[in-house]
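Chemist: Give me a model of this one.
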Amino acid sequence: MQTPINNDHDNLANTAHHKTWLFVPATRIELVAKAFVSGADAVIVDLEDAVAQADKPQARDHLKTYHDSADYQAVWVRINKAGSDEFVKDLQLCQQLPNLAGVILSKAEQAADIEQVYQRTGLPVIALIESAIGLYQVDAMAKASGLLTFSYGFLDLCNDLRVQVGTPAADIIANQIRYQLILTSKVHELAPPIDTVYPDFDDTTGLNVRVQLWSQMGMAGMLCIHPKQVAVVQKALEPTAAEIEFAKRVVAEYERSGQAVFKIDGEMVDAPVIKRCLQLLAE
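Modeler: Numbers count the residues shown, from 1 in each chain. Predicted coordinates:
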């Protein structure tokens, strides 16, 4: 058994600033370099859904070869669900890859599974919620050692909950999931959760709307399935010139006057507004 790495706080801080998480199938390991060139904050090598059952042994070999190469850059790896034969094999592989950035556990449902990944690999874990049971158990899982944050697979959740995708009802469910993960992560002092993928990588307008939604709700970043999505997400997250100018004026007045409550252009500014302006300028 590998000794867990005691760097939870550093990993939490680093992960909290990751906005774009780009998937690359382990069977196409040559795409990892291009994924980093896209500007993605984190690259996830996928051993799960993007890899056919027959190709999984070869996929693990590809990841091991890349990890041991001179060109290696630290990647995350999404492993198969706990309890499966592939999960055991994926964990054995991760134990041989000490320079991984971390592990994403697919179809997470139990705190014990998260802790097993952490204890066996010494790597930080992101729990991917993809079932009703997993969603029901998020509070229990939030207490697991080694957990950095949550993300979720919305299509899998919809299938399990019998929600019709692409309907107003699905939008309501998606926001309920986001809220539950945001609240649970905050209460248990985890990094803010990561939003699910946006399937249509040619729909720039729709992706921009989605980014505005989850970022305004307080989520940290987004899973991406195509390099072209990375720039769209990053652009959508940039504050406007007006927002930056307002924040500068608020901070300047706060530092000048030392007052906790004042007005800017007739708008009342108090402690929460000042805090947000300081955060905005620090980003």
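Chemist: Helices along the stretch 51-200 of the chain, start to end?
Modeler: 56-67, 85-94, 111-121, 132-136, 138-141, 154-161, 168-187 (DSSP state H, counting those that start in this stretch).
Chemist: among those, which is the most enclosed?
Modeler: Here the criterion is mean neighbour count by mean count of other CB atoms under 10 Å, and of the helices of the stretch 51-200 of the chain the winner is helix 111-121, at a mean of 20. In short, each C-beta sits where N, CA and C put it, glycine included.
Chemist: If you count contacts, what does that one end up packed against?
Modeler: Applying 3 or more CB pairs under 8 Å, 6 or more residues apart in numbering; DSSP states H and E, one finds that helix 111-121 contacts helix 85-94, strand 102-105, strand 125-129, helix 138-141.
Chemist: gap between it and the chain center?
Modeler: Between the centre of helix 111-121 and the centre of its host chain there is 18 Å, according to CA atoms, centre = their mean, to the nearest Å.
Chemist: So what touches it?
Modeler: With contacts defined as CB atoms under 8 Å, 6 or more residues apart in numbering, helix 111-121 is touched by 1-2, 4, 79, 82-83, 91, 94-95, 100, 103, 105, 108, 123-125, 127, 137, 140-141, 143-147.
Chemist: List buried members of these by neighbour count.
Modeler: The neighbour count (16 or more other CB atoms under 10 Å) marks 4, 79, 82, 91, 94, 100, 103, 105, 108, 123-125, 127, 137, 141, 144, 146-147 as buried among the contacts of helix 111-121.
Chemist: What score does Val77 have for pLDDT?
Modeler: Per-residue confidence for Val77 comes out at a pLDDT of 98.
Chemist: go on, Ile182?
Modeler: At Ile182 the predicted local distance difference test score is 98.
Chemist: show me the contacts for it.
Modeler: Contact criterion CB under 8 Å, 6+ apart gives Pro192, Pro193, Met217, Gly218, Met219 as the residues in contact with Ile182.
Chemist: possible to save those as CSV with distance to Ile225, pLDDT and neighbour count?
Modeler: Supplementary listing: the contacts of Ile182 in CSV, determined by distance: CB to CB, whole Å; pLDDT from 0 to 100; neighbours: other CB atoms under 10 Å:
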residue, distance to Ile225, pLDDT, neighbour count
Pro192, 21, 95, 20
Pro193, 18, 97, 29
Met217, 21, 94, 15
Gly218, 23, 92, 14
Met219, 17, 95, 23
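Chemist: Adding distance to Ala282, write the helices of the stretch 51-200 of the chain out as CSV.
Modeler: Putting those into CSV (distance: least, CB to CB, whole Å) gives the following:
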stretch, distance to Ala282
helix 56-67, 34
helix 85-94, 34
helix 111-121, 30
helix 132-136, 33
helix 138-141, 29
helix 154-161, 31
helix 168-187, 19
